[in-house]
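Q: How does the following fold in three dimensions:
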Amino acid sequence: MAAENIRHWKIGDVQVTRIVEIDAHQDPFTMVSPELAPDAGKNYPWLIPHFCTPEGVMKISFQAFAMKTPDRTIIVDTCIGSDRERAHPGFSHMQSDYLDDLAHAGYDPEKVDTVLCTHLHFDHVGWNTKLVDGQWVPTFPNARYLFGDKEFEFWKHEIAEGKEHASHFPDSVDPVVKAGLVDLIGPNHQVCEEVSLFPTPGHTAGHVSVMIKSKGQEAVITGDLMHHPIQLAEPGLPATFDEDTEQGVATRKAFVQRFADTDVTVIGSHFCDPTAGRIVSDEKSWRLKLD
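A: Residues are numbered from 1 along each chain as shown. This is a model prediction of the structure:
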C-alpha cells in the first residue's frame, strides 16, 4: 500500500487529498522538454532533493486528488489503473493500490458524486473504471463524470483517425459514457461553490485546471499544463507531450504570471512530494516555494 504517500491540504472548508499511484519515477529531463539536458536539474539547486536527484535526473509522480467540500465529494483525475494493456511496459498490467489508498484516506467510491478529468490522457482516466468479472465497469457508480466538451471532441477525432495514443478509451472512457454517467462541460465550468475550472490548453485542446476558493484561501490543481517544477523556471520551453507546442508555451507563461508572488497554493499534478507550494520570483525567473 502507498498509504504513506497520502497527503492532505486544507483550503478553507475544502480538504484536498493526494493519492499516489507511482512515486518519484526517474527519467531524463528530455521527457519534459527536448531542449533540456537529461541532467538539467543540477542547474536548479532548489529542485534537489524533492524534484530531482543530486545528479540532476528528474523525479516525477503519477497521482490523483480527492476533495471534500461542505457538500460534495470530488475526484480530480484517476491515474493509470490496474489490469490494463498500455504501450509503455511500465504502465501495463499494473496492480495499483489506488482504491485501497482512497479508502484509507476516507473516501468511499460509492459516495463520490463527481469525477473530474482535467484531460483524457491514459494516466488521468484509468480508475474511471475497474475490471469486474472480465468487464470494465464504472469505479464511481454514483458520480457524474465531467469531461470537457472540446476535449471530448478532440479525442473523437483522434479515434476516428486511428491514433494509437487513444487506445485507452475502450477500457477507461467508453464504459462510463455507455453507462450514461458523463456530462460534457465547458472550460469555465463551476463544479460547486468552492470549485471551478479554467482553460489551460496546449497539452491537449480542451485541457483545464482546477481552482479552489474557500474562506479567502485559494489553490489550483495544474493538470498537465506542466509536468515538473522546472517548467516554472523555464515556462517558455516547448513541452515534449504538448499537442500544440506554441499554445502550451503561452499557457504556461500566462499561468506563471497569473499566480507568481501570490498566496495561491499550486498543487502540481505530477509534482513529487511535497507536491504543493507557491510560485515566487527567483532573479529573472521563478521557482516553487514549498508549503
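
Q: what's near enough to touch the residue nearest to G148 when sequence neighbours are not counted?
A: By the measure of Cβ to Cβ, 6 or more residues apart in numbering, the closest residue to G148 outside its immediate chain neighbours is G206, 3.8 Å from it. To be clear about C-beta, it is placed using only N, CA and C from the backbone, and glycine gets the same treatment. Residues touching G206, when contacts are defined by Cβ atoms under 8 Å, 6 or more residues apart in numbering, comprise H119, G148, D149, K150, E151, F152, E153, F154, P187, P199.

Q: partner residues bridging T114?
A: Residues in a beta bridge with T114, per DSSP bridges, are I74, R144.

Q: Now the strand ranked longest in the chain: buried residues?
A: Counting residues, the longest strand in the chain under DSSP state E turns out to be strand 14-27. Residues of strand 14-27 classed as buried under the neighbour-count rule (16 or more other Cβ atoms under 10 Å) are V14, Q15, V16, T17, R18, I19, V20, E21, I22, A24.

Q: could I get those residues as CSV with distance to A64?
A: Formatted as CSV, the entries for the buried residues of strand 14-27 read as follows, by distance: Cβ to Cβ, whole Å:
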residue, distance to A64
V14, 16
Q15, 14
V16, 11
T17, 9
R18, 8
I19, 5
V20, 8
E21, 7
I22, 11
A24, 16
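
Q: which one of these sits closest to I279?
A: V16 (17.6 Å; Cβ to Cβ).

Q: And the closest one, how close does it get to G148?
A: 21 Å (Cβ to Cβ, to the nearest Å).

Q: One more: W46?
A: Taking Cβ to Cβ as the measure, W46 falls 33 Å from G148.

Q: Just read off the phi/psi values of D224.
A: Backbone torsions for D224, taken as degrees, to the nearest 10, come to phi -100, psi 30.

Q: ok, which stretches of the protein are helices?
A: Listed in chain order, the helices of the chain (DSSP state H) span 98-104, 149-160, 169-172, 174-178, 230-233, 245-259.

Q: Now do the fifth one: which elements does it pack against?
A: Read it as helix 230-233. Based on contacts counted as 3 or more Cβ pairs under 8 Å, 6 or more residues apart in numbering; DSSP states H and E, the elements that helix 230-233 packs against are strand 285-290.

Q: who does the strand it packs on pair up with?
A: Each strand that strand 285-290 pairs with, and the sense of that pairing, follows from DSSP bridges: strand 276-282 (antiparallel).

Q: Return the distance of the partner strand from the chain's centre.
A: 19 Å (Cα atoms, centre = their mean, to the nearest Å).

Q: Understood, closing this out.
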